[in-house]
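K.L.:
need a structure here:
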Amino acid sequence: MQEHTKSSTLENAIALQKYGVGQPVRRKEDDTLVRGKGRYTDDFNLPGQAYAVIVRSTHAHGVIRGVGIDAAKAMPGVLGVWTGKDLDAAGYGPFTCGLPLKSRDGTPLHQTNRQPLATDKVRFVGDPVAFVVAETLAQARDAAEAVELEIEPLPAVTDPEDAAKPGAPQLYDHIPNNVALDYHYGDTEKVNAAFASAAHVTRIDIENTRVAVVSMEPRVGLASYDKATERYTIQMPTQGVAGNRANLAKNLKVPNEKVRILTANVGGSFGMKNVNYPEYMCILYAAKALGRPVKWLDERST
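P.N.:
Presented below is the predicted three-dimensional model:
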């Protein structure tokens, strides 16, 4: 009698050849993207949308003495100009690190409690101080250039080792020596014992060069607000809508169900688009205040 292989066994064998480890997997998304048919956040538009431009500091460190917005507000097409004081009045929560990290002495990391727009000091070149919303992008750009920033420069340090030394310029008064976290991991005694018993020990200081994420698609957002449902919606490139939604809701101080995030194709991220940014809070604020959608694109020149 001839023995026949069970159909289930044959199916498993075929599946292993097709889906087993090491087998090639054809990508499905490439054809659409390489033909220029992908849809990224800036490809989306909503009826009646306005455009936002962020006003940023040109100083690495300084005290904000004044933000003049009257000239910008009077320019053609301008729908609104807002500063940190306006957003503070909205009662938004600060940006915080959600990781439960502790320093070597057991104390939790120091939170900077950064707000969407700087109000007292600027702490890096490009720190957002104000933003403009206008009917067109060109009008918003022109008005942003008319915002007058009065900043008293303070000493700045660019080397991390120098920034942690006593006497270095302090970015935050509640974070001594600019050290938010003194992290330690591992068994110190065992490590010391291993070095003590080693035949040879080499000591070297390794400097990790500055790394900047430069994705092909910059950060961008299209925000809207539904007054009837009190629901915020924002189209933006993310690596995870659930986490970003929860963080946005926390900053806006609303329940999660009052925030909706839409993400289409994402032009690179590398971790950069896995968190929220101050600009998203700005355009969500403006969308609610103006009662119309607001788009913002982080251009290379800003």
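
K.L.:
Correct me if wrong: Ile151 contacts Arg56.
P.N.:
No. Counting by CB atoms under 8 Å, Ile151 stays clear of Arg56, with 11.1 Å between them. All C-beta spots, glycine's among them, are computed from the backbone N, C-alpha and C.

K.L.:
Nearest residue to Ile69 in space, ignoring adjacent ones along the chain?
P.N.:
Closest residue to Ile69 in three dimensions, ignoring its sequence neighbours and counting by CB to CB, 6 or more residues apart in numbering: Val81, at 4.3 Å.

K.L.:
now the helix or strand hosting that neighbour, how far from the centre of its chain.
P.N.:
Taking DSSP states H and E as the criterion, Val81 maps to strand 78-83. Distance of strand 78-83 from the chain centroid (CA atoms, centre = their mean, to the nearest Å) equals 22 Å.

K.L.:
Sheet-wise, list the partners of it with their directions.
P.N.:
strand 128-134 (antiparallel) (DSSP bridges).

K.L.:
Restrict the partner strand to CA atoms and write it as PDB.
P.N.:
Taking C-alpha atoms only, strand 128-134 is exported to PDB below (Å, rounded to 0.1, in the frame of the first residue of the first chain):
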ATOM      1  CA  PRO A 128      10.300  78.900  20.200                       C
ATOM      2  CA  VAL A 129       9.200  82.200  21.700                       C
ATOM      3  CA  ALA A 130       6.000  83.100  19.700                       C
ATOM      4  CA  PHE A 131       4.000  82.100  16.700                       C
ATOM      5  CA  VAL A 132       2.000  83.700  14.000                       C
ATOM      6  CA  VAL A 133      -1.000  82.400  12.100                       C
ATOM      7  CA  ALA A 134      -2.100  84.000   8.800                       C
END
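
K.L.:
then the next helix or strand after it to PDB, C-alphas only?
P.N.:
Downstream of strand 128-134, the first helix or strand assigned by DSSP H and E is helix 137-146. The C-alpha coordinates for helix 137-146 follow below in PDB (Å, rounded to 0.1, in the frame of the first residue of the first chain):
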ATOM      1  CA  LEU A 137       2.100  80.900   4.400                       C
ATOM      2  CA  ALA A 138       3.800  83.900   2.900                       C
ATOM      3  CA  GLN A 139       1.800  86.300   5.100                       C
ATOM      4  CA  ALA A 140       2.700  84.300   8.100                       C
ATOM      5  CA  ARG A 141       6.400  84.400   7.300                       C
ATOM      6  CA  ASP A 142       6.300  88.100   6.800                       C
ATOM      7  CA  ALA A 143       4.500  88.700  10.100                       C
ATOM      8  CA  ALA A 144       6.900  86.400  11.900                       C
ATOM      9  CA  GLU A 145       9.800  88.500  10.800                       C
ATOM     10  CA  ALA A 146       8.000  91.600  12.200                       C
END
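
K.L.:
contacting residues around Arg104?
P.N.:
Residues near Arg104 by CB atoms under 8 Å, 6 or more residues apart in numbering: 182-184.

K.L.:
Of those, which is the nearest to Ala289?
P.N.:
Comparing these against Ala289 with CB to CB picks out Tyr183 as the nearest, at 40.6 Å.

K.L.:
where does the closest one land in three-state SS?
P.N.:
coil (DSSP: H, G, I helix; E, B strand; the rest coil).

K.L.:
what pLDDT does it get?
P.N.:
Here the pLDDT value assigned to Tyr183 is 93.

K.L.:
doesn't Leu101 make contact with it?
P.N.:
Yes. Look at Tyr183 against Leu101 with CB under 8 Å: they come within range, at 6.4 Å.
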